[in-house]
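Enquirer: Sequence first, predicted model second:
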Amino acid sequence: MLPVVRSHCDYQSFVAEQLKTHYTGGILCIQSPDWNLIEKFWLTDLSKTAFILRDTFSKQGPRPRDPADMLRSILLMVQTGVSSVTQWVTLLRRVPLYAILSGFIPNKTPGVGTFYDFFARLWASDSPNFSCKKKRKTKKIKKGARKGEKAPTTSPNKVANLVKGLERRSAVFKFLPFDRLCALFKEIFVFKSAQLGLLGDIKNLCLAGDGTPVRTSAYPRSKRTCDCREKGIFDCECPRIYSQPDCNIGWDSSRECYFHGYHLYVYTAAESFYDLPVYPRLYKASRHDSISMLLSAEELQLRYPDWVISRVLLDAAHDAMPIYHYFNNRDILAFIDLNKRRSGQTKYKDDFSLSESGIPICNKGLEMKDNGYDYTRGRRKYRCPLIKKGIVACDSPCSTSSYGRCVYTYTKENIRLFPPIARNSNEWKNAYKRRTSVERSNKREKVDYMLEAARHRSSKMWNIRIYAIMMCQHMDAWFKESDLTLQSTLLTA
């Protein structure tokens with residue numbers, strides 16, 4: 001049967017009534033941290049949940065619980081730091097406040113099976129994973145050459161070939177198992193944050209992207225499907241059955257160790273004061289940041305067609321020429337830090353060389369003076385650095401003109417070294433310093449909400465946990481923006 005759905009006002013009335021019933025005149029009391037939870041869920045309207053999941057319900061069978069209550073309970077589980085569904089079901093029965101905030105009557109809370117039935121509604125696939133459990137053993141990728149350096153790409157032309165493929169074919173929306181989760185996150189949380197102005201201007205949006213490792217287990221668990229061991233062959237290449245087929249081994253540059261799990265790539269609103277995420281995506285641990293970024297960028301633009309992305313902020317792991325062209329063809333300014341391994345002085349036109357940041361260096365070994373960018377011609381002008389009061393003060397000038405030597409750099413010649421906004425300018429520095437918003441967002445997910453504390457064995461459960469954590473990040477921002485105080489009004493007679 002179809003669920004009985006109530007409005008957010010009805011939910012608020014239910015909470016007020018139940019709190020007065022169980023927490024006034026008795027031995028139960030509400031502590032100060034509990035009021036933060038009450039006010040967060042008081043502000044969060046989840047009444048659209050049933051409409052978004054309407055295709056998952058049937059007119060036959062037992063009547064399910066209100067999906068808004070189930071989702072609310074999952075978010076409350078994340079807010080309270082519980083990572084086990086079994087433990088959460090026990091807490092719902094022991095703590096009346098948690099049941100009331102979820103939308104359940106105390107002593108009439110759902111069991112473990114009800115939660116897993118709801119998880120199935122959030123995942124649009126019969127399989128809990130993207131790939132088949134039976135596959136061949138994979139090899140470790142190469143680790144970073146230096147301390148704190150990310151793993152290199154497995155193929156030097158992989159990024160270029162991917163960009164060519166994306167440019168050759170038109171973008172088509174591809175249905176994925178986590179589409180329902182993404183729809184809930186977008187419709188209920190991201191759009192509301194945008195309406196509140198917490199993401200910046202969505203018609204002139206600045207995004208920051210970065211990947212982070214998600215460790216799911218200490219090592220890959222697999223089961224043999226052959227009899228090679230009985231034949232004395234202990235290191236065979238036969239297919240095995242893996243308990244986590246979507247995971248593999250990657251290099252964690254921050255911890256400087258190999259790990260088994262996923263590679264989480266996240267886009268955040270860079271101009272958001274609360275570093276709010278807008279699109280997360282799980283990949284295999286061995287995937288490079290640049291590949292994950294391109295695939296996520298395509299999906300994000302399809303899922304948010306009304307948004308106008310004007311700038312994207314990325315770290316040095318994305319410093320590849322095809323990536324600059326990819327964003328330039330979409331009229332998006334790419335602020336990307338230069339990879340130090342590819343930097344250094346390079347020859348440029350006649351007797352001039354370039355510095356690490358693409359500034360021409362004159363014969364005296366000095367960086368030339370930036371004289372502005374001409375957007376109509378797509379070029380930047382540099383003048384002699386030794387001009388003082390209109391006079392060339394150089395003992396060996398490289399031009400007979402009293403104006404001094406001029407050098408022009410054209411963006412179309414090398415968009416990586418000659419971007420429209422110079423890397424050494426204040427405009428670049430002020431924009432690029434917001435790139436760390438994605439790192440702060442990842443810190444909130446992995447440290448504050450203990451993302452890796454769960455012990456799931458499927459991509460379905462890991463996606464649900466990641467989206468639930470990011471929903472809580474938006475809830476926290478709404479709570480901090482509001483001036484709501486319920487403590488003096490809810491429990492009054």
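Expert: Arrived safely.

Enquirer: Tell me where the model's unsure across this structure.
Expert: 1, 144-149, 154-156, 341-351, 389-390, 402, 492-493 (pLDDT under 70).

Enquirer: now for it, which residue lies nearest the mean position of the chain?
Expert: residue 266 (1.3 Å; CA atoms, centre = their mean).

Enquirer: Helix or strand for the residue lying closest to residue 229 once chain neighbours are set aside, just tell me which one.
Expert: With CB to CB, 6 or more residues apart in numbering as the criterion, residue 229 has its nearest non-adjacent residue at 7.9 Å, and that residue is residue 236. (Each C-beta comes from the backbone N, C-alpha and C, glycine too.) Residue 236 belongs to no helix or strand when assigned by DSSP states H and E.

Enquirer: Quick check: chain neighbours aside, which residue is closest to residue 204?
Expert: residue 310 (4.9 Å).

Enquirer: That neighbour: neighbour count?
Expert: For residue 310, the neighbour count with other CB atoms under 10 Å is 14.

Enquirer: Three-state assignment for it, please.
Expert: Taken by DSSP: H, G, I helix; E, B strand; the rest coil, the conformation at residue 310 corresponds to strand.

Enquirer: What distance do you get for the residue nearest to residue 229 to residue 451?
Expert: The spacing between residue 236 and residue 451, counted by CB to CB, to the nearest Å, is 35 Å.

Enquirer: okay, the two: which has more neighbours?
Expert: More crowded of residue 236 and residue 451, by other CB under 10 Å: residue 451, with 21 against 14.

Enquirer: just checking, residue 375 touches residue 333?
Expert: No - under the criterion of CB atoms under 8 Å, residue 375 makes no contact with residue 333, lying 12.0 Å away.

Enquirer: Just want to know which of these two has more residues nearby.
Expert: Taking neighbours as other CB under 10 Å, residue 375 and residue 333 compare with residue 333 leading, 16 against 9.

Enquirer: OK, contacts around the residue nearest to that one when sequence neighbours are not counted?
Expert: Nearest non-adjacent residue to residue 333, counting by CB to CB, 6+ apart: residue 311, 4.7 Å away. By CB atoms under 8 Å, 6 or more residues apart in numbering, residue 311 lies in contact with 205, 206, 207, 270, 332, 333, 334, 335, 431.

Enquirer: What residues does the fifth one make contact with?
Expert: Translated: residue 332. 309, 310, 311, 312.

Enquirer: And the third one, by the same measure?
Expert: With CB under 8 Å, 6+ apart as the criterion, the residues that contact residue 207 are 267, 268, 269, 270, 278, 300, 309, 311, 312, 313.

Enquirer: How about residue 359?
Expert: Per CB under 8 Å, 6+ apart, neighbours of residue 359: 367, 368, 370, 382, 422, 424.

Enquirer: cutoff 6 Å now
Expert: Contacts for residue 359 (CB atoms under 6 Å, 6 or more residues apart in numbering) come out as residue 367.

Enquirer: Next, it: phi, psi?
Expert: Backbone geometry at residue 359, expressed as degrees, to the nearest 10, gives phi -100, psi 130.

Enquirer: repeat for residue 354
Expert: According to degrees, to the nearest 10, residue 354 has phi -120, psi 150.

Enquirer: how close does it get to residue 338?
Expert: From residue 354 to residue 338 the distance is 11 Å (CB to CB).

Enquirer: Those two: which is more packed in?
Expert: Comparing residue 354 with residue 338 by other CB under 10 Å, the one with more neighbours is residue 354, at 21 against 15.

Enquirer: The residue nearest to residue 229 touches residue 228, doesn't it?
Expert: Yes - judged on CB atoms under 6 Å, residue 236 makes contact with residue 228 at a distance of 3.9 Å.

Enquirer: can you pull the buried residues of stretch 28-41?
Expert: 30, 34, 35, 37, 38, 39, 40, 41 (16 or more other CB atoms under 10 Å).

Enquirer: Going along the chain, name the helices of the stretch 151-300 of the chain.
Expert: Assigned by DSSP state H, counting those that start in this stretch, the stretch 151-300 of the chain shows helices spanning 158-168, 179-184, 191-195, 289-303.

Enquirer: quick one, the first one and helix 289-303 angle?
Expert: Pointing back at helix 158-168 there. Helix 158-168 and helix 289-303 are oriented at 20 degrees to each other (axes from the mean of the first three to the mean of the last three CA atoms, to 10 degrees).

Enquirer: ok so, going back, got the contacts of residue 311 as a markdown table, with distance to residue 140 columns?
Expert: Listed next are the contacts of residue 311 as a markdown table, based on distance: CB to CB, whole Å:
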| residue | distance to residue 140 |
| --- | --- |
| 205 | 38 |
| 206 | 36 |
| 207 | 32 |
| 270 | 34 |
| 332 | 35 |
| 333 | 37 |
| 334 | 31 |
| 335 | 33 |
| 431 | 37 |
